[in-house]
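Q: Output the structure for:
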Amino acid sequence: MAPVKKLVSQLSRRGPHRVLRGDMAVVGLPGIVYTPENGSDLPGVAFGHGWLTHSRQYIGTLEHLASWGIVVAVPDTQRGPLPSDRALASDLRTALEVISSVRLGPGQITVHPERLGLVGHGMGASAAVLAAGDTDRARALAALFPAPTSPAVLPAAHRARVPALVLAAPNDLDSVTSNALAIRSALQGEHVALRTVPKASNRGLVEGFSVRKRLGDDSDQRRTQKMVRAITTGFLLATLGDPGLRRSVPGDATYAAFADPSEDIGKLVAVDPEAVEAPDADQLTRLLRR
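A: Numbering: from 1, shown residues only. Purely as a prediction, here's the structure:
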């Protein structure tokens with residue numbers, strides 16, 4: 001097995017596949033889908049966008065995953081100031097049904113129905129958790145800088161029972177803008193990892209212009225995007241499989257460390273939720289301190 005540091009370096013770059021883009025509106029769901037140029041029985045994920053963002057603000061990340069052989073579908077719904085996490089979760093489940101039941105691209109690209117996962121950022125991460133708790137189709141969950149939405153998220157996390165990756169900013173594990181620690185604590189199973197991304201903010205994954213960026217938030221962090229793309233790709237290949245190597249096995253041992261909660265992956269530190277000290281103030285007090 002290649003050293004983890006070498007794998008991180010490889011996965012931080014685009015993969016070997018040329019990427020195609022399609023429109024899910026033709027099947028009644030607004031959104032886009034990115035696929036490698038060809039392949040059968042591929043892994044596939046539904047990706048949930050953050051608050052006040054849309055699919056175009058994750059193009060680099062979506063194309064990166066597709067270049068490594070992973071089909072990615074992104075519903076462009078619930079984009080207003082008062083979105084419903086439950087509605088977005090429903091759309092994520094629908095997206096999984098779409099990509100696993102129809103031929104994609106020129107008709108030669110297929111997704112294996114047992115190689116499905118859920119990924120989300122911010123609000124979309126909590127929606128992905130909700131979707132994972134309400135379907136047995138998903139085999140992996142990646143919650144990238146999850147943001148608090150509704151009380152239903154944590155019970156859904158407890159029901160999910162799938163390998164999971166939770167990413168957070170080092171100083172934002174539990175706050176009014178992050179429920180990463182709570183989600184990690186609610187998730188069950190041996191392969192559930194909480195990792196912190198150094199020098200990251202919870203909006204760093206968003207690319208280009210956004211309403212929130214215009215208001216002054218610290219978005220579009222290229223370094224954060226590069227690290228998150230590498231770790232998420234490795235996790236998905238570890239749990240859903242690399243179609244170029246092991247089509248009959250739902251997971252690739254080459255990337256097993258990315259799904260091991262005890263492993264530090266490059267500069268991304270694994271966090272033991274039981275070792276995290278409780279905050280010295282409630283969330284309202286911490287908000288007023290900002």
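
Q: Quick check: which ranges of the stretch 51-200 of the chain have low pLDDT?
A: The stretch 51-200 of the chain contains no residues with pLDDT under 70.

Q: All the helices of it, in order from the start?
A: Taking DSSP state H, counting those that start in this stretch as the test, the helices found in the stretch 51-200 of the chain are 59-67, 85-101, 123-133, 153-160, 180-186.

Q: ok, Gly117 - contacts?
A: When contacts are counted by C-beta atoms under 8 Å, 6 or more residues apart in numbering, Gly117 touches 43-46, 138-142, 236, 239-240. C-beta here means a position set from N, CA and C on the backbone, and glycine is covered the same way.

Q: circling back: CSV for the helices of the stretch 51-200 of the chain, including distance to Thr254 and mean neighbour count?
A: Output for the helices of the stretch 51-200 of the chain, formatted as CSV (distance: least, C-beta to C-beta, whole Å; neighbours: other C-beta atoms under 10 Å):
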stretch, distance to Thr254, mean neighbour count
helix 59-67, 17, 22
helix 85-101, 24, 22
helix 123-133, 25, 30
helix 153-160, 25, 21
helix 180-186, 25, 23
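
Q: Out of the ones you listed, which is closest to Glu207?
A: Glu207 lies closest to helix 59-67 among the helices of the stretch 51-200 of the chain, at 5.5 Å (C-beta to C-beta).

Q: What is that closest one packed up against?
A: Packed against helix 59-67 by the contact rule (3 or more C-beta pairs under 8 Å, 6 or more residues apart in numbering; DSSP states H and E) you find strand 19-23, strand 31-36, strand 71-75, helix 222-240.

Q: which stretch among the helices of the stretch 51-200 of the chain comes nearest Thr53?
A: Of all those, helix 123-133 sits nearest to Thr53, with 8.3 Å by C-beta to C-beta.

Q: picking that back up, could the helices of the stretch 51-200 of the chain be laid out in a markdown table, adding distance to Ser12?
A: A markdown table is the format used below for the helices of the stretch 51-200 of the chain (distance: least, C-beta to C-beta, whole Å):
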| stretch | distance to Ser12 |
| --- | --- |
| helix 59-67 | 9 |
| helix 85-101 | 25 |
| helix 123-133 | 21 |
| helix 153-160 | 28 |
| helix 180-186 | 22 |
